[in-house]
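[1] Have a look at this fold, sequence not included:
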């Protein structure tokens, strides 16, 4: 890639950034259809419990700025010392939309755009849709910029390192036991968003990538009691990936366990699936079982996570 402005766009799902944005955000999720008023009120009530908005847009913007600073510092091994990186955000379902992110990069002179999906595991309904939207947008621009898609986050050893750091810190927050049980023996549940089983049957690698990443983190830390589970299952007919996190907590209770650490490895930022689905709904279930519940901090703008993003960008440039 020649010197000059190097464009990078972080592709993400999006989230309502104000109470007023909740209904139009939901309409975007539903392909332009008006969501039923009872459903809007249900989702609004959940948003109110986490501050009235999703922090995801702001966090993703912070990730983009920190990544840009990292790329332009030239301090990482193998860093390109020439040219200048510009990093933007493109959301699938809310502002800034993919189109807005692309146009900002083109306005700053980028002729090549490196795209990074903020979904750690590939699925047709996440990274696949992000890429389709990106290709639709750039194909209508003249001249058409070159687009390079970075590898999935889960394929980065530094991503695994970043998650492992959060797990180690989370385990350290449990009180020491008189029994002398080591932190590595505390039950850990790695969670990711559930998907219809049909996608997996049609070749989607999502579940396989989730399994591999969880095993890599567990192996890195020597965890002895870990499980995988799913959360935030959608509606509609058909079978969804399981077990759900609550199912695994039920099993842990039956086994006589007292503690549980949830690791939302399928998400890289705090948003409603972590702040409500885990911190409120799952925690309530754990408390009802008498389990001592903890969740790892999200990756957000951790230094290791930003380094993982930077390495994927540089690799895509080569």
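    Alright, I've got the coordinates. Just so it is clear, the model here is predicted, and its values are computed rather than measured.
[2] How about the contacts made by the most centrally placed residue in the chain?
    Most central in the chain under C-alpha atoms, centre = their mean is residue 267, positioned 2.6 Å from the mean C-alpha point. Residue 267 makes contacts with 120, 192-193, 273-274, 298, as judged by C-beta atoms under 8 Å, 6 or more residues apart in numbering. C-betas here are computed from N, CA, C, even on glycine.
[3] for residue 128, same thing?
    Neighbour list for residue 128: residue 122 [criterion: C-beta under 8 Å, 6+ apart].
[4] you'd agree residue 247 is up against residue 229?
    Yes. Taking contacts as C-beta atoms under 8 Å, residue 247 lies within contact range of residue 229: 6.8 Å.
[5] returning to that earlier point: show the buried residues in the contacts of residue 267.
    Neighbour counting by 16 or more other C-beta atoms under 10 Å classes 120, 192-193, 273-274, 298 among the contacts of residue 267 as buried.
[6] what ranges do the strands span in the stretch 51-200 of the chain?
    Secondary structure of the stretch 51-200 of the chain (DSSP state E, counting those that start in this stretch): strands at 84-91, 112-117, 146-149, 188-193.
[7] Need the winner for burial among these.
    Stretch with highest mean neighbour count among those: strand 188-193 (a mean of 26; mean count of other C-beta atoms under 10 Å).
[8] Neighbouring strands of that one in the sheet, and parallel or not?
    With DSSP bridges as the test, strand 188-193 is paired with strand 226-231 (parallel), strand 259-263 (parallel).
[9] what about the stretch 101-250 of the chain, any weak spots by pLDDT?
    177-180 (pLDDT under 70).
[10] Residue 310 is in contact with residue 156, correct?
    No. Assessed by C-beta under 8 Å, residue 156 is found out of contact with residue 310, at 10.1 Å.
[11] between the two, who's got more neighbours?
    Taking neighbours as other C-beta atoms under 10 Å, residue 156 and residue 310 compare with residue 310 leading, 25 against 21.
[12] So for that one, what's the pLDDT?
    We have a pLDDT of 98 for residue 310.
[13] how does this structure divide up, domain by domain?
    Structural domains annotated on the chain: 5-153+302-317, 155-295, as defined by automatic domain parsing.
[14] Tell me where the longest helix sits in the protein.
    helix 56-73 (DSSP state H).
[15] so how far is that one from its chain's centroid?
    Computed by C-alpha atoms, centre = their mean, to the nearest Å, the separation of helix 56-73 from the middle of its chain amounts to 15 Å.
[16] Tell me which residues of stretch 13-20 come out buried.
    The neighbour-count check on stretch 13-20 (16+ other C-beta under 10 Å) flags 13-17 as buried.
[17] Next, the residues that contact it from outside, please.
    Residues outside stretch 13-20 that contact it (C-beta under 8 Å, 6+ apart) are 22, 25-26, 28, 44, 47-48, 52-58, 91-95, 118-119, 126, 271-272.
[18] in stretch 208-218, what counts as buried?
    Neighbour-count burial for stretch 208-218, counted by 16+ other C-beta under 10 Å, picks out 209-210, 213-214, 216-218.
[19] For those residues, work out which two are farthest apart.
    209 and 218 (14.9 Å; C-beta to C-beta).
[20] residues in contact with residue 25?
    Per C-beta under 8 Å, 6+ apart, neighbours of residue 25: 14-16, 93-94.
[21] ignore the last one, residue 301
    With contact taken as C-beta under 8 Å, 6+ apart, residue 301 is in contact with 59, 62-63, 66.
[22] Pick the one among those closest to residue 181.
    Nearest to residue 181 out of these is residue 59 (C-beta to C-beta; 34.3 Å).
[23] Near that closest one, how many other residues are there?
    Around residue 59 there are 21 other residues, counting by other C-beta under 10 Å.
[24] isn't it right next to residue 270, touching?
    Yes. Between residue 59 and residue 270 a contact is recorded at 6.3 Å, counting by C-beta under 8 Å.
[25] list the residues that contact both of those two?
    Contacts common to residue 59 and residue 270, judged by C-beta under 8 Å, 6+ apart, are residue 300.
[26] Contacts only, for the residue nearest to residue 111 when sequence neighbours are not counted.
    Spatial nearest neighbour of residue 111, chain neighbours left out: residue 145 (5.6 Å); criterion: C-beta to C-beta, 6 or more residues apart in numbering. Listed by C-beta under 8 Å, 6+ apart, the contact partners of residue 145 are 7, 102, 105-106, 110-113, 138.
[27] quick revisit: pLDDT and distance to residue 256 for the contacts of residue 25 - can I get that in TSV?
    Output for these, formatted as TSV (pLDDT from 0 to 100; distance: C-beta to C-beta, whole Å):
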residue	pLDDT	distance to residue 256
14	98	42
15	97	39
16	98	41
93	97	43
94	97	44
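[28] This completes my enquiry, with thanks.
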